[in-house]
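below is the sequence, then the predicted model.
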Amino acid sequence: MLQAAGGQIAKRHRAAQRPHGRQSVKKLMAHGENVNSIEVEAPKLFDRMARRFNVDYAFYKTGPDKYLLFFKAGQADAVTACFESYSRKLLTQSKSKRIPIREQLKQAAERLAVEKPRAKERVKEAAREDR
């Protein structure tokens, strides 16, 4: 009997807990706190940074490579610090001299298009008269 009651209490406790970290916009709004938003381009990179700062946030896609980042207004200081490290990382990535693979493929295709294709030489063998 005690185990059943303990299980029910634990079940209610788990249901009452709020999710943390990345979640849907609907769940974030259900926390009952004010929410702010910022436009972000690379959500994967922001995910890595946000885990370090224990921020509750959600993404909403507004267009190709455009996302709105929703976060709790009470966590604005943590989000500011997180966004600062995110933007620093984003700038260092854009400055890297490594050429993306797709760009390399485009350049290779352009070079091949410029080169003249070799004409295949077809030479017939001389027919032997001894046969």
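Arrived safely, thanks for sending.

show residues contacting the lengthiest helix in the chain.
If you go by DSSP state H, the chain has its longest helix at helix 76-95. Contact with helix 76-95 is made by 36, 38, 40-42, 45-46, 49-50, 52-55, 57, 71, as judged by Cβ atoms under 8 Å, 6 or more residues apart in numbering. In this view, the C-beta of every residue, glycine as well, is placed from N, C-alpha and C.

now stretch 32-49
Outside stretch 32-49, the residues that touch it by Cβ under 8 Å, 6+ apart are 22, 28-29, 59-60, 62, 65-74, 76, 79, 82-83, 85-86, 89-90, 93.

contacting residues for V25?
Contacts for V25 (Cβ under 8 Å, 6+ apart) come out as 58-60, 70.

nearest residue to it other than its sequence neighbours?
Spatially, and ignoring its direct neighbours in sequence, V25 is nearest to A58 (4.4 Å; Cβ to Cβ, 6 or more residues apart in numbering).

give me the most central residue, this structure.
Of all residues in the chain, the one closest to the mean position by Cα atoms, centre = their mean is K44, 3.1 Å from it.

confirm that that residue lies within a helix, as I assumed.
Yes: assessed with DSSP: H, G, I helix; E, B strand; the rest coil, K44 lies in a helix.

distance of it from Y86?
Separation of K44 from Y86 (Cβ to Cβ, to the nearest Å) stands at 11 Å.

equivalent analysis for Q17, please.
In terms of Cβ to Cβ, Q17 sits 27 Å off from Y86.

same deal with F53?
10 Å.

which one's more surrounded, these two?
Y86 (21 against 17; other Cβ atoms under 10 Å).

quick one: the more buried one from Y67, how far?
Using Cβ to Cβ, Y86 is found at 12 Å from Y67.

pLDDT weak spots in the chain?
Across the chain, the ranges flagged by pLDDT under 70 are 1-3, 5-6, 11-16, 95-97, 117, 127-131.

helices of that one, start to end?
With DSSP H as the criterion, the chain has helices spanning 2-16, 25-29, 43-53, 76-95, 101-114.
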